[in-house]
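K.L.:
Give me a 3D structure for the following:
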Amino acid sequence: MASGGLVDRIAAEFGVHFIAHTRRVEGRHQSKARRTCLTLLKKHGPEHLRLVFGLINTAENRGNWSAQCFTAVSWLVLNKPSWIERRGFLDRFDKINLQALLEKSKEINPSAPTVTLSVLLSYELDKRLQQPFLERAA
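P.N.:
Just a heads-up that it's a prediction; the model follows:
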């Protein structure tokens with residue numbers, strides 16, 4: 001199967017469909033980041049892309065399907081694999097507002113928001129991972 005079809009199938013698994021970059025995103029299920037996802041798929045494989053989609057698809061961050069968010073979360077997965085395996089990682093990750101971090105990164109460094117977002121995300125998650133994890137009673 002061509003990787004273009006595979007990237008669309010992976011996106012569909014998360015309820016996302018890609019739209020042309022010239023169109024306006026009209027809902028939390030649309031993304032213009034097809035080319036970025038295709039690059040991630042080719043460089044790192046389908047499981048990596050699914051993990052990135054899954055991390056962005058948390059309750060608080062669903063809908064942040066921008067190329068910058070995909071790239072920053074992918075960077076985090078590739079460079080901090082031990083974090084992802086830690087207990088409570090997903091709960092802590094979900095408490096981070098990716099949209100707010102993206103806006104802040106554009107403010108801080110408009111010429112390189114993706115790199116800035118990666119740094120801010122890493123810093124914010126590091127702070128949260130240093131806090132003790134309190135398990136909820138079942």
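K.L.:
And the strands in this structure?
P.N.:
17-18, 30-31 (DSSP state E).
K.L.:
ranking these by burial, who's on top?
P.N.:
strand 30-31 (a mean of 20; mean count of other Cβ atoms under 10 Å). C-betas here are computed from N, CA, C, even on glycine.
K.L.:
List the buried residues in the longest helix anywhere in the chain.
P.N.:
For the chain, the helix with the greatest residue count under DSSP state H is helix 113-130. In terms of neighbour count (16 or more other Cβ atoms under 10 Å), helix 113-130 has its buried residues at 113-114, 116-122, 124-125, 128-129.
K.L.:
residues making contact with that helix?
P.N.:
Outside helix 113-130, the residues within contact range by Cβ atoms under 8 Å, 6 or more residues apart in numbering are 67-69, 71-73, 75-76, 79-80, 83, 86, 89, 92-93, 95-96, 98, 101-102, 104-106, 108-109.
K.L.:
gap between it and the chain center?
P.N.:
Relative to the chain's own centre, helix 113-130 is displaced by 12 Å; criterion: Cα atoms, centre = their mean, to the nearest Å.
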